[in-house]
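Undergrad: Kindly generate the corresponding structure for this input.
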Amino acid sequence: MIALARFQVAGYVRSLRVLHPVIVVALVVVLVLLQGPSGPERTTLAVGAFGDVAAFMFPVWAWAARALLDTQPDEQRSLSATAARHRWAPTWAGLLAAYAVNLCLGAVVLVTPLVQALLVGASGRAILAGCALSVPVALAGTLLGAWTSRAVIPDPGVSLLALLGSATAVLLLGLGRLSWLSVPMIEWLRAAHDGPTAFLSDFPGLVLHLALWSAVVCAGYVIVTRLRH
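TA: Okay, here's the model as predicted:
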(Lines give C-alpha, C1' and ligand atoms only; values in the text may rest on other atoms or scores of the structure.)
Protein backbone atom coordinates (compact mmCIF):
# COMPACT_ATOMS: atom_id res chain seq x y z
CA MET A 1 0.00 0.00 0.00
CA ILE A 2 2.85 2.40 0.81
CA ALA A 3 4.42 1.70 -2.58
CA LEU A 4 1.11 2.39 -4.34
CA ALA A 5 0.67 5.61 -2.38
CA ARG A 6 4.17 6.80 -3.28
CA PHE A 7 3.50 5.89 -6.93
CA GLN A 8 0.34 8.02 -6.97
CA VAL A 9 2.04 10.97 -5.29
CA ALA A 10 4.89 10.77 -7.81
CA GLY A 11 2.42 10.75 -10.70
CA TYR A 12 0.55 13.72 -9.23
CA VAL A 13 3.76 15.71 -8.91
CA ARG A 14 5.06 14.78 -12.38
CA SER A 15 1.76 15.76 -13.96
CA LEU A 16 2.21 19.25 -12.43
CA ARG A 17 -1.33 19.14 -11.08
CA VAL A 18 0.19 19.78 -7.70
CA LEU A 19 0.96 23.33 -8.85
CA HIS A 20 -2.73 24.27 -8.82
CA PRO A 21 -3.28 24.07 -5.04
CA VAL A 22 0.28 25.27 -4.38
CA ILE A 23 -0.42 28.48 -6.33
CA VAL A 24 -3.67 29.03 -4.44
CA VAL A 25 -1.93 28.49 -1.11
CA ALA A 26 0.87 30.87 -2.07
CA LEU A 27 -1.61 33.59 -3.03
CA VAL A 28 -3.47 33.23 0.26
CA VAL A 29 -0.25 33.45 2.24
CA VAL A 30 0.97 36.53 0.37
CA LEU A 31 -2.32 38.42 0.07
CA VAL A 32 -3.98 37.53 3.38
CA LEU A 33 -1.84 35.84 6.00
CA LEU A 34 1.22 38.08 5.73
CA GLN A 35 -0.89 40.90 7.16
CA GLY A 36 -0.24 39.84 10.72
CA PRO A 37 -2.54 40.51 13.70
CA SER A 38 -2.20 43.85 15.46
CA GLY A 39 -3.87 45.94 18.12
CA PRO A 40 -5.02 45.00 21.62
CA GLU A 41 -6.75 41.83 20.37
CA ARG A 42 -3.75 40.56 18.44
CA THR A 43 -3.46 37.38 20.53
CA THR A 44 -7.09 36.45 19.88
CA LEU A 45 -6.69 37.30 16.20
CA ALA A 46 -3.55 35.17 15.97
CA VAL A 47 -5.37 32.13 17.37
CA GLY A 48 -8.39 32.85 15.19
CA ALA A 49 -6.17 32.70 12.12
CA PHE A 50 -5.72 28.95 12.66
CA GLY A 51 -9.47 28.48 12.39
CA ASP A 52 -9.56 30.66 9.28
CA VAL A 53 -6.79 28.61 7.66
CA ALA A 54 -8.63 25.33 8.35
CA ALA A 55 -11.88 26.74 6.93
CA PHE A 56 -10.24 28.08 3.79
CA MET A 57 -8.13 24.99 3.20
CA PHE A 58 -11.04 22.56 3.57
CA PRO A 59 -12.30 23.00 -0.04
CA VAL A 60 -8.71 23.27 -1.29
CA TRP A 61 -7.91 19.93 0.33
CA ALA A 62 -11.01 18.39 -1.24
CA TRP A 63 -9.99 19.78 -4.65
CA ALA A 64 -6.41 18.53 -4.31
CA ALA A 65 -7.56 15.05 -3.24
CA ARG A 66 -9.90 14.77 -6.21
CA ALA A 67 -7.13 15.86 -8.59
CA LEU A 68 -4.63 13.37 -7.18
CA LEU A 69 -7.06 10.46 -7.30
CA ASP A 70 -7.99 11.34 -10.89
CA THR A 71 -4.38 11.62 -12.09
CA GLN A 72 -4.00 7.89 -12.63
CA PRO A 73 -5.60 6.67 -15.92
CA ASP A 74 -8.25 3.95 -15.65
CA GLU A 75 -6.00 1.36 -17.30
CA GLN A 76 -3.18 2.08 -14.88
CA ARG A 77 -5.59 1.93 -11.95
CA SER A 78 -6.74 -1.50 -13.11
CA LEU A 79 -3.14 -2.71 -13.36
CA SER A 80 -2.41 -1.41 -9.86
CA ALA A 81 -5.47 -3.19 -8.51
CA THR A 82 -4.36 -6.42 -10.19
CA ALA A 83 -0.82 -6.16 -8.86
CA ALA A 84 -1.89 -5.33 -5.31
CA ARG A 85 -1.74 -8.18 -2.82
CA HIS A 86 -4.94 -7.10 -1.11
CA ARG A 87 -8.07 -5.98 -2.91
CA TRP A 88 -8.53 -3.03 -0.56
CA ALA A 89 -4.94 -1.79 -0.99
CA PRO A 90 -5.48 0.52 -4.02
CA THR A 91 -8.38 2.31 -2.33
CA TRP A 92 -6.48 2.87 0.92
CA ALA A 93 -3.32 3.80 -0.97
CA GLY A 94 -5.17 6.52 -2.88
CA LEU A 95 -6.61 7.98 0.31
CA LEU A 96 -3.22 7.82 2.00
CA ALA A 97 -1.51 9.56 -0.92
CA ALA A 98 -4.13 12.33 -1.06
CA TYR A 99 -4.02 12.83 2.70
CA ALA A 100 -0.22 13.00 2.74
CA VAL A 101 -0.20 15.66 0.01
CA ASN A 102 -2.87 17.64 1.85
CA LEU A 103 -0.92 17.51 5.09
CA CYS A 104 2.09 18.93 3.24
CA LEU A 105 -0.05 21.74 1.80
CA GLY A 106 -1.39 22.44 5.27
CA ALA A 107 2.10 22.57 6.73
CA VAL A 108 3.11 25.16 4.13
CA VAL A 109 0.17 27.46 4.81
CA LEU A 110 0.46 27.11 8.61
CA VAL A 111 4.01 28.44 8.77
CA THR A 112 2.91 32.08 8.60
CA PRO A 113 0.17 32.01 11.29
CA LEU A 114 2.43 29.89 13.48
CA VAL A 115 5.24 32.46 13.37
CA GLN A 116 2.77 35.31 13.92
CA ALA A 117 1.19 33.58 16.92
CA LEU A 118 4.62 33.06 18.47
CA LEU A 119 5.56 36.70 17.90
CA VAL A 120 2.44 38.06 19.65
CA GLY A 121 2.92 35.73 22.60
CA ALA A 122 -0.05 33.39 22.17
CA SER A 123 -0.13 30.45 24.57
CA GLY A 124 1.71 27.33 23.49
CA ARG A 125 -1.33 25.12 24.04
CA ALA A 126 -3.50 27.32 21.83
CA ILE A 127 -0.86 27.31 19.10
CA LEU A 128 -0.54 23.53 19.24
CA ALA A 129 -4.32 23.13 19.12
CA GLY A 130 -4.52 25.55 16.19
CA CYS A 131 -1.96 23.59 14.22
CA ALA A 132 -3.51 20.26 15.23
CA LEU A 133 -6.95 21.37 14.03
CA SER A 134 -5.76 21.16 10.43
CA VAL A 135 -4.97 17.44 10.80
CA PRO A 136 -8.58 16.16 11.14
CA VAL A 137 -9.91 18.92 8.86
CA ALA A 138 -7.46 17.85 6.14
CA LEU A 139 -8.73 14.28 6.51
CA ALA A 140 -12.34 15.41 6.18
CA GLY A 141 -11.47 17.48 3.10
CA THR A 142 -9.58 14.57 1.58
CA LEU A 143 -12.57 12.27 2.00
CA LEU A 144 -14.96 14.82 0.55
CA GLY A 145 -12.71 15.13 -2.50
CA ALA A 146 -12.46 11.35 -2.78
CA TRP A 147 -16.24 11.08 -3.05
CA THR A 148 -16.12 13.31 -6.15
CA SER A 149 -13.21 11.49 -7.81
CA ARG A 150 -13.52 9.45 -11.01
CA ALA A 151 -13.74 6.21 -9.06
CA VAL A 152 -17.18 7.31 -7.84
CA ILE A 153 -18.29 9.86 -10.46
CA PRO A 154 -16.80 9.03 -13.89
CA ASP A 155 -17.96 12.17 -15.68
CA PRO A 156 -15.47 15.04 -15.10
CA GLY A 157 -18.08 17.79 -15.43
CA VAL A 158 -20.49 16.13 -13.03
CA SER A 159 -17.59 15.41 -10.69
CA LEU A 160 -16.60 19.08 -10.55
CA LEU A 161 -20.18 20.15 -9.93
CA ALA A 162 -20.45 17.53 -7.21
CA LEU A 163 -17.31 18.89 -5.56
CA LEU A 164 -18.60 22.45 -5.57
CA GLY A 165 -22.06 21.37 -4.49
CA SER A 166 -20.88 19.15 -1.68
CA ALA A 167 -18.54 21.84 -0.33
CA THR A 168 -21.43 24.31 -0.36
CA ALA A 169 -23.77 21.78 1.23
CA VAL A 170 -21.29 21.14 4.03
CA LEU A 171 -21.21 24.86 4.81
CA LEU A 172 -24.99 25.31 4.63
CA LEU A 173 -25.69 22.25 6.77
CA GLY A 174 -23.43 23.70 9.43
CA LEU A 175 -25.68 26.75 9.70
CA GLY A 176 -28.86 24.88 10.63
CA ARG A 177 -30.27 22.24 12.91
CA LEU A 178 -28.60 19.49 10.90
CA SER A 179 -25.11 20.77 11.71
CA TRP A 180 -24.29 17.41 13.30
CA LEU A 181 -24.37 15.93 9.78
CA SER A 182 -21.70 18.32 8.57
CA VAL A 183 -18.14 19.19 9.48
CA PRO A 184 -18.21 21.70 12.37
CA MET A 185 -16.74 24.59 10.39
CA ILE A 186 -18.89 27.26 11.99
CA GLU A 187 -18.13 25.85 15.43
CA TRP A 188 -14.36 25.85 15.02
CA LEU A 189 -14.40 29.36 13.52
CA ARG A 190 -16.47 30.65 16.41
CA ALA A 191 -14.31 28.91 19.00
CA ALA A 192 -11.06 30.09 17.43
CA HIS A 193 -12.21 33.73 17.34
CA ASP A 194 -13.61 33.64 20.88
CA GLY A 195 -10.08 33.47 22.21
CA PRO A 196 -7.52 30.86 23.30
CA THR A 197 -9.50 29.73 26.37
CA ALA A 198 -12.71 29.05 24.44
CA PHE A 199 -10.79 27.39 21.63
CA LEU A 200 -8.97 25.02 23.97
CA SER A 201 -12.23 24.21 25.74
CA ASP A 202 -14.06 23.33 22.51
CA PHE A 203 -11.14 21.65 20.78
CA PRO A 204 -11.74 18.04 22.01
CA GLY A 205 -15.39 18.16 20.93
CA LEU A 206 -14.46 19.54 17.53
CA VAL A 207 -11.91 16.79 16.95
CA LEU A 208 -14.42 14.12 18.04
CA HIS A 209 -17.04 15.52 15.65
CA LEU A 210 -14.56 15.55 12.78
CA ALA A 211 -13.37 12.03 13.59
CA LEU A 212 -16.88 10.59 13.63
CA TRP A 213 -17.84 12.39 10.41
CA SER A 214 -14.68 11.21 8.68
CA ALA A 215 -15.15 7.63 9.85
CA VAL A 216 -18.65 7.43 8.39
CA VAL A 217 -17.69 9.12 5.11
CA CYS A 218 -14.55 6.98 4.76
CA ALA A 219 -16.46 3.75 5.34
CA GLY A 220 -19.02 4.73 2.72
CA TYR A 221 -16.33 5.65 0.20
CA VAL A 222 -14.42 2.40 0.64
CA ILE A 223 -17.58 0.32 0.27
CA VAL A 224 -18.79 2.22 -2.82
CA THR A 225 -15.43 2.03 -4.60
CA ARG A 226 -15.16 -1.70 -3.99
CA LEU A 227 -18.71 -2.30 -5.24
CA ARG A 228 -18.00 -0.30 -8.41
CA HIS A 229 -14.87 -2.33 -9.14
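Undergrad: Quick one: name whatever helix or strand follows the worst-scoring helix or strand of the chain on mean pLDDT.
TA: Each helix and strand of the chain was given a mean pLDDT (mean pLDDT, DSSP states H and E); the minimum falls on helix 74-83 at a mean of 59. Counting by DSSP states H and E, the element after helix 74-83 in chain order, helix or strand, is helix 89-119.
Undergrad: what's the helix or strand just after that following helix packed up against?
TA: The helix or strand immediately downstream of helix 89-119 is helix 124-147, counting by DSSP H and E. When contacts are defined as 3 or more CB pairs under 8 Å, 6 or more residues apart in numbering; DSSP states H and E, helix 124-147 packs onto helix 42-71, helix 89-119, helix 156-173, helix 185-193, helix 196-228. Heads up, the C-betas are built off the backbone N, CA and C, glycines and all.
Undergrad: again, 7 Å this time
TA: Under the contact criterion of 3 or more CB pairs under 7 Å, 6 or more residues apart in numbering; DSSP states H and E, helix 124-147 touches helix 42-71, helix 89-119, helix 156-173, helix 196-228.
Undergrad: Report the spatially nearest residue to the residue most central in space within the chain, omitting neighbours in sequence.
TA: With distances taken as CA atoms, centre = their mean, Ala138 lies nearest the centre of the chain, 2.5 Å away. Nearest residue to Ala138 in three dimensions, chain neighbours excluded: Asn102, at 4.5 Å (CB to CB, 6 or more residues apart in numbering).
Undergrad: Any regions of the chain where pLDDT drops low?
TA: For the chain, the stretches with pLDDT under 70 are 74-88, 228-229.
Undergrad: where's the residue of the chain positioned farthest from its centre, which helix or strand?
TA: Most distant from the centre of the chain: Pro40, at 31.7 Å, with distances by CA atoms, centre = their mean. Taking DSSP H and E as the definition, one finds Pro40 inside no helix or strand.
Undergrad: List the residues that contact it.
TA: Residues near Pro40 by CB atoms under 7 Å, 6 or more residues apart in numbering: none.
Undergrad: And it, how far from Pro73?
TA: Relative to Pro73, Pro40 is positioned 56 Å away (CB to CB, to the nearest Å).
Undergrad: Angles on the backbone of the residue farthest from the centre of the chain, please.
TA: phi -70, psi -20 (degrees, to the nearest 10).
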